[in-house]
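Engineer: Build me a model from this:
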Amino acid sequence: MGLLEKMKNHFYDDFLSLPFYEDMAPWNIVFRNGKLEYIDYDTKDVTYNKMVPAAYQIMAMLMNYERTVADFGHCKGHARNEYGIPFVSHCVTSPNKGPCKDSRYPVPCGDYTCKQTYIDCLQALSNMEQQKRLWKNIMAGKSQDHTGSIEDAPTESYETGQWGFNQNGVINDRNKET
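Structural biologist: Predicted structure coming up:
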């Protein structure tokens, strides 16, 4: 029994000395040739040693950003990400529920894409809203404002009615709510 505890402590110390990989679950750590190794072939080429020290500041930034978005009245709810990690997919609830399986793009966005962060999604949706306002002004014959030009305006999406908007944000015809 003492030997097992001694081995477990030795393995634990070895584990703490490994580089930081994305999926350090127990099934991806093996004992081979007298040492612990990370074996997940999908993620073993990228380490996060330089990023981990900034984790607290990044989470604080995402939390404070979410608070400001909410104060502007643009945080209607949170989307889900695969692991339920907080502040990754906040403020972007939409009919698009994902799944977003690629860990580089974990946020299901209302434009029916998966984004790196909820901030990227908010920016994409804001751009779509700006283009919608621009098109409404053009169609109503109003003069243009400073947000864009006729050359910048999309054509196919609005002409074909591919996109629409409701209280949840942007929706497209194939997924419209009734």
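
Engineer: Show the residue spans covered by the strands in this protein.
Structural biologist: Assigned strands in the chain, in chain order: 29-32, 35-38, 107-108, 114-115, 163-166, 169-172 (criterion: DSSP state E).

Engineer: okay, now the spatially closest residue to Asp111 that is not a sequence neighbour: neighbour count?
Structural biologist: For Asp111, ignoring the flanking residues on the chain, the nearest one in space by C-beta to C-beta, 6 or more residues apart in numbering is Ala124 at 5.3 Å. Yep, even glycine has a C-beta here, placed from its N, CA and C like the rest. Neighbour count of Ala124, defined by other C-beta atoms under 10 Å: 17.

Engineer: State the pLDDT value of Ala124.
Structural biologist: According to the per-residue confidence, Ala124 scores 96 in pLDDT.

Engineer: Check which helices and strands the longest helix anywhere in the chain is in contact with.
Structural biologist: What stands out as the longest helix in the chain, according to DSSP state H, is helix 118-139. With contacts defined as 3 or more C-beta pairs under 8 Å, 6 or more residues apart in numbering; DSSP states H and E, the packing partners of helix 118-139 are helix 55-71, strand 107-108, helix 156-159, strand 163-166, strand 169-172.

Engineer: So what are the sheet partners of the second one and their directions?
Structural biologist: What that stands for is strand 107-108. strand 114-115 (antiparallel) (DSSP bridges).
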